[in-house]
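1. Predicted model and sequence below, questions to follow.
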Amino acid sequence: MLIVGAGPAGLYAAYYAGFRAMSVVVLDSLTEPGGQLAALYPEKVIYDVGGIPAILGRELAADLYKQAMTYNPVMLLGHGADQLFRLDDGSFLVTTTTGLLIHAKAIIVTAGIGVFTPRRLPVGQEYEGRGLRYFVPNPQELAGKRILVVGGGDSAVDYALMLEKVAASVTLIHRRHEFRAHEASVEQLRASSVRILTPYQVSAVYGDDRVTAVDVTDHDTKHVERLDVDEIVAALGFVAELGPLAEWGMELRQRHIVVDTTMATSVPRIYAAGDIADYPGKVKLISVGFGEAAIAVNNAAVAIDPSKKLFPGHSSDPDRHPTER
Ligand SMILES: Cc1cc2nc3c(=O)[nH]c(=O)nc-3n(C[C@H](O)[C@H](O)[C@H](O)COP(=O)(O)OP(=O)(O)OC[C@H]3O[C@@H](n4cnc5c(N)ncnc54)[C@H](O)[C@@H]3O)c2cc1C
């Protein structure tokens, strides 16, 4: 089973496909699991996931990842799904943007709002992974460091506030005077120890193996300041597009994949779940994506092997779960 997208729907589908004893490959073009939770709102509290009264986006992403890994799927992060080839026996070959070839008897597309690409910092891209990053899944990784956060939206302000608690210092630069983030967060930011520089942009990045310093330039006065930093967190937003999946032959409606009540798309043995799946009455929520993922996996199990039952049994049944509780 190939699952395209490691957002909440894809991670949950990976768990469920493992529970159904399938061998599973999960692809995500991003290097972090969690989809929108990790990319767009890691520091926001989510209140409407059943059974979890309140949880941070990044914490839910981490828990979903842990659950997804229960049956050891092959998790290919940083690999986008690219071209689809259908074989005579009804199975598929899918190429990845990184040159891999994956054979799958069925596919579940949980691609959310499509391929997310972080808006890159215009300079210093060669330092990505060596002091320049677009995600902070675990703030402790940056404990004691001198950090530059770049951006003016919710993610940038949330990251600055989160990192202030563990970092040696945090500077936030934004190219405009006004922030796009929630007013309350901006007020919190102004009251914090975060150094705020506006309207500034990063004009050069210096380092050897890793980033050591940056030049930041005042947009109005062109004044340049050199800052010694250990880590740059670029939170400049993401671009999302359906990308190669649009060419897979599935019926689409307004950039979403049309599914029936079994989550089947118009291409046999390709299913869709989560934000990308569309049907009358669709509601785009994490909890809805979980249910759709379970429906998709169980129907795919029967499509691959008609001798299997649609109902998977209960995970609480004795001998059905591999981990200790
Ligand atoms: C600010 C904000 C707050 C929100 N708050 C809530 C809330 O409180 N409660 C709630 O229920 N919902 C909330 N949502 C909505 C919720 O985040 C989405 O419904 C959920 O993330 C959808 O999950 P998904 O797995 O379908 O897709 P996504 O989370 O979008 O994940 C899809 C993944 O697929 C990957 N992908 C796409 N195309 C490809 C490809 N070709 N190859 C490989 N990988 C690919 C992407 O990189 C991405 O990681 C919020 C959304 C936002 C933006």
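-> Perfect, I can see it now.
2. mind listing the helices for the stretch 1-150 of the chain?
-> Under the criterion DSSP state H, counting those that start in this stretch, the stretch 1-150 of the chain contains helices at 8-19, 36-39, 57-68.
3. okay, now the closest residue to Gly34 other than its chain neighbours: neighbour count?
-> Once flanking residues are discounted, Gly34 sits nearest to Ala61: 2.7 Å by C-beta to C-beta, 6 or more residues apart in numbering. Placement of C-beta: from N, CA and C, glycine included. Other residues near Ala61 come to 25 when the count uses other C-beta atoms under 10 Å.
4. what does Pro73 give?
-> 22.
5. thinking it is in contact with Val24, fair?
-> Yes: with contact defined as C-beta atoms under 8 Å, Pro73 and Val24 form a contacting pair (3.7 Å).
6. thought Leu64 was touching Ala13?
-> No: using C-beta under 8 Å, Leu64 is not in contact with Ala13, being 10.5 Å away.
7. which one of the two has more residues nearby?
-> Counting neighbours by other C-beta under 10 Å for Leu64 and for Ala13 shows that Ala13 has the greater number, 36 against 27.
8. for stretch 128-145, which positions count as buried?
-> Neighbour-count burial for stretch 128-145 flags 128, 131-137, 139, 142, 145 (criterion: 16 or more other C-beta atoms under 10 Å).
9. Among these, which ones are in strands?
-> Cross-referencing these against strands under DSSP state E gives 132-133.
10. Tell me how many other residues crowd Gly78.
-> Residues near Gly78, counting by other C-beta under 10 Å: 13.
11. any idea how far the residue nearest to Gly34 lies from Asp154?
-> According to C-beta to C-beta, to the nearest Å, Ala61 and Asp154 sit 16 Å apart.
12. Then Lys282?
-> 25 Å.
13. These two - which one has more neighbours?
-> Ranked by neighbour count (other C-beta under 10 Å), Lys282 and Asp154 place Asp154 first, with 20 against 13.
14. quick one, phi psi at that one?
-> phi -60, psi -40 (degrees, to the nearest 10).
15. Then Pro33?
-> When read as degrees, to the nearest 10, the backbone of Pro33 gives phi -80, psi 160.
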